[in-house]
Each structure stands twice: as structure tokens, then as C-alpha cells.
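*Asks:* Sharing a model prediction with you, sequence too.
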Amino acid sequence: MLGRFLIPQLCAVLACLLCGQAGAQQQSDRWRIDGTTLFFNTEGNEAAGIERDDVETLRTMLRDNPTVTRVSLNSSGGGLYAALDMADILIDFELNTTIDRQCESSCMFVFLGGASRSMARGARVGFHRITWSAESIQSYYERNAEDEGWTTPFDMGSWMYEDTQLEIFQL
């Protein structure tokens with residue numbers, strides 16, 4: 001007799017816990033769903049810019065929430081390749097994009113992936129050419145010279161030229 005009353009209560013508790021965990025996956029400082037809009041925010045709370053992990057999070061959230069029709073962006077940018085992959089996902093899901101506050105640097109690639117794009121009054125956009133600082137180039141050379149077989153920085157320079165041409169073609 002106890003099992004007849006205890007089992008339904010345990011099932012209800014378990015269901016609440018599982019729903020609570022699913023809800024936690026849907027909400028974070030960076031990602032939030034409200035109605036049919038998925039909000040992506042990399043600003044504030046010391047959040048990093050667009051990162052590689054955001055690509056899979058975006059894909060998962062869209063698969064888990066098929067009613068999402070719009071992605072609202074607020075970001076000063078981040079990783080170029082992650083942003084390009086996010087834009088591809090938006091294209092595949094045929095979603096609209098909007099900027100409520102700001103979308104700068106690599107965020108613009110995500111924004112341009114929208115089927116229809118809009119901005120709130122007072123929102124800011126920021127375009128710039130792709131850059132690579134001398135310090136970052138040197139660091140990249142030092143980390144990858146052995147694996148790439150570069151014996152001098154000039155070897156890397158030759159690779160950079162070819163890689164840049166390929167990227168321009170692909171973008």
C-alpha cells in the first residue's frame with residue numbers, strides 16, 4: 001500500500017528534477033530563450049567573447065527548441081571561426097537575427113547569417129577588417145613552428161600568404 005502512494009510521489013519529484021536540469025541547460029549568462037527568441041549575450045558578468053563552445057551550444061539549443069525563430073545578439077565579438085560556424089547554423093535553421101544593443105567585430109558574421117536582419121533603435125554595429133597583431137603572430141609561430149616544419153619566420157610568412165588567400169576565397 002505504501003508503494004502505491006510513494007511511487008507516484010517519487011515520479012513527480014524525479015520529473016521536477018529532470019525539468020529543472022533541462023531548464024538550467026537552456027538558461028545561462030550567455031544564452032536565454034524567451035518565447036520564440038534566443039538571446040545570445042557575451043557582454044557583462046566578465047563573459048568572454050564568442051567562443052568555440054558557443055557553436056555546439058547554439059546548435060543544441062536550436063534542436064531542443066524548434067519554436068525559436070529569431071536570435072538576438074549582444075556581443076563585441078570574439079573568435080572568427082566560431083562566429084562563421086554560428087552564422088552557418090543560423091542559415092541552416094533559416095532564423096532571423098536582431099541586434100538589441102551591440103554587435104561588433106566577429107559578431108557581425110553571426111548577424112549576417114540571419115535570413116532577415118534588424119536592429120533596435122540605438123543599437124550599435126562595428127565592422128573592421130580582420131587583423132592579426134605582431135605579438136600574436138610571433139606567439140603563433142613559436143607555438144607551431146616545430147609541428148608545421150617552419151625553420152624560419154619566413155617559412156611561416158609563406159604559409160600566411162597562402163592561408164590568407166584561402167580565407168579570402170572562403171569568406
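*Replies:* In hand now; what should we look at?

*Asks:* Would you mind pulling the contact partners of whichever strand in the chain runs longest?
*Replies:* When every strand of the chain is counted residue by residue (DSSP state E), the longest turns out to be strand 96-104. For strand 96-104, contacts defined as Cβ atoms under 8 Å, 6 or more residues apart in numbering pick out 43, 69-77, 90, 110-120, 123-127. (C-beta placed from N, C-alpha, C; glycine too.)

*Asks:* Go through those residues and flag which are in helices.
*Replies:* Among the contacts of strand 96-104, the residues falling in helices (DSSP state H) are L90, V110, F111, L112.

*Asks:* pLDDT added to those residues, as TSV?
*Replies:* Shown next, in TSV, are the ones in helices among the contacts of strand 96-104 (pLDDT from 0 to 100):
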residue	pLDDT
L90	98
V110	98
F111	98
L112	97
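
*Asks:* Looking at those, state which has the most neighbours.
*Replies:* The residue in the ones in helices among the contacts of strand 96-104 with the most neighbours, by other Cβ atoms under 10 Å, is V110 (28 neighbours).

*Asks:* which stretches of the protein form helices?
*Replies:* 2-26, 52-64, 80-93, 107-112, 134-148, 153-170.

*Asks:* now those in a markdown table, with distance to T36?
*Replies:* Formatted as a markdown table, these follow (distance: least, Cβ to Cβ, whole Å):
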| stretch | distance to T36 |
| --- | --- |
| helix 2-26 | 14 |
| helix 52-64 | 12 |
| helix 80-93 | 12 |
| helix 107-112 | 18 |
| helix 134-148 | 39 |
| helix 153-170 | 32 |
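
*Asks:* Most tightly packed of these?
*Replies:* helix 107-112 (a mean of 22; mean count of other Cβ atoms under 10 Å).

*Asks:* Quick check: pLDDT value at C16.
*Replies:* C16 is assigned 39 on the pLDDT scale.

*Asks:* I130 now?
*Replies:* 76.

*Asks:* burial measure for it, as a count.
*Replies:* Count around I130 with other Cβ under 10 Å applied: 11.

*Asks:* Return the per-residue confidence for L2.
*Replies:* Looking at L2, the pLDDT reads 42.

*Asks:* what angle separates the longest strand of the chain from helix 80-93?
*Replies:* 160 degrees (axes from the mean of the first three to the mean of the last three Cα atoms, to 10 degrees).
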